[in-house]
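1. Provide a 3D model corresponding to the input given below.
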Amino acid sequence: MPQNMTKAIQRYKKTGMGLGAILQYIHTSAYAFAEQNRYCREDDCPEFLLSFYHRIPGVLRRYKPSAADFEPYLRGCFIWHMKSYLAVRIQKNRKEKIIYEESCAEFAQQEEENWELHDQAPQPPAPPPASADESPDMDEAPAESPARFQPSLRLLLLALKCANDISDRLISLTAAQSGIHRAVVFHFVEIMRTIMGSRQRRIGRLIERRRRNYFRLQYFLELRRYCRDSFHAEELEKRIRRERKLCESVSRTLAATPKSPPHSDIAGILGIPKGTVDSGYFYMRRARKGKA
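-> Got it, this is the predicted structure:
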């Protein structure tokens, strides 16, 4: 960081050199200004910096070194931009709240209309009836037989595996092809979407936390790069080590979080053993490879 930014700006306007150091100073100053503002959260600091980024060329062009120093002029620019940033954020939050309330009301109305058509609660698919030739001994029936020999259960397993991405039209086609009632398939898919919704929100929070830690780490690294005070440099090193540990911890947690529905949840929804679900997906993968 230059000791005197006014002289650096004067040299840049005359020779066109030193723009990189000036931009680094403006970036770190914008992040620090948003971090010190009481109306900004941690995730607002990088957003404030990105919203101010396109104004930097105009700030440098309008600045006159003979009128005032650069540091107070830059702080005044931050103050004026913070007013517009907070106004846009408030308006955005209001729109998101209105859209969320309308979507919740519409979803509740659709669910009420759908369930009015079906008075009885949907039941899980029944296992295939045993033929008269088969032996009644339970030891001879393998655990994976329902998933291996019942095509309807295979289609239901596929629908639950991609519950977050499947459309209503595909759910209706799955119900028609498998012979299961459409309300039953929709019921199972909605249960899986509810379970995976909380998990997806957790993944989103982890990604947001990792992004904040990364920006804070880069900010401290930038301060440490130009720090000349030994005591302050030692404090920055401690913060850098702490932010790195937090980034690594969040990354490990994010990598260990399953992105798709686990077989245990699918088995719990359908009320069948987990081995049956594992066997069903195994034979489907085997058939896809052309080995079945």
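2. so what are the domain limits for the chain?
-> Residue ranges for the domains of the chain, per automatic domain parsing: 5-98, 150-288.
3. and the residue positioned nearest the centre of the chain, what pLDDT?
-> Relative to the mean C-alpha position of the chain, the nearest C-alpha, by Cα atoms, centre = their mean, is the one of G204, at 2.7 Å. Looking at G204, its pLDDT is 84.
4. ok, it to M82 distance?
-> Look at G204 and M82: by Cβ to Cβ, to the nearest Å, they are 26 Å apart. Quick note: C-beta positions are derived from backbone N, CA and C, even for glycine.
5. try K161
-> From K161 to M82 the distance is 47 Å (Cβ to Cβ).
6. average model confidence for stretch 69-89?
-> 86.
7. with stretch 92-106 instead?
-> 70.
8. just use 204 as the starting number from now, easier for me
-> In the new count, where the first residue is 204, that last one comes out as stretch 295-309.
9. so R292: helix, strand or coil?
-> helix (DSSP: H, G, I helix; E, B strand; the rest coil).
10. the residue nearest to it when sequence neighbours are not counted: neighbour count?
-> Excluding its sequence neighbours, the residue lying closest to R292 (Cβ to Cβ, 6 or more residues apart in numbering) is D247, at 7.4 Å. Using other Cβ atoms under 10 Å as the criterion, D247 is surrounded by 18 other residues.
11. for D247, grab phi and psi.
-> Torsion angles at D247 (phi, psi; degrees, to the nearest 10) stand at phi -80, psi -20.
12. I'd say it and A237 touch.
-> Yes - shown here, D247 and A237 form a contact pair, counting by Cβ atoms under 8 Å, at 5.9 Å.
13. packing partners of the helix or strand containing the residue nearest to the centre of the chain?
-> Using DSSP states H and E, G407 sits within helix 385-429. Contacts defined by 3 or more Cβ pairs under 8 Å, 6 or more residues apart in numbering; DSSP states H and E place helix 385-429 against helix 222-239, helix 247-256, helix 354-364, helix 371-381, helix 433-459, helix 466-473.
14. mind checking which of those helices is nearest E425?
-> Distance to E425, taken as Cβ to Cβ, is lowest for helix 222-239 among these, at 5.1 Å.
15. so P461: helix, strand or coil?
-> What three-state DSSP gives for P461 is coil.
16. what is the burial count for it?
-> 10.
17. contacting residues around it?
-> Contact partners of P461, counting by Cβ atoms under 8 Å, 6 or more residues apart in numbering, are R402.
18. from I469, how far out is it?
-> 12 Å.
19. where does the chain have low pLDDT?
-> Applying pLDDT under 70 to the chain flags the ranges 204-206, 270, 303-354, 493-495.
20. let's see that with 90 instead.
-> By pLDDT under 90, the weakly predicted segments of the chain are 204-254, 256-279, 282-495.
21. Q294 is nearest to which of the helices and strands packed on helix 385-429?
-> Smallest distance to Q294 across these (Cβ to Cβ): 13.6 Å, for helix 247-256.
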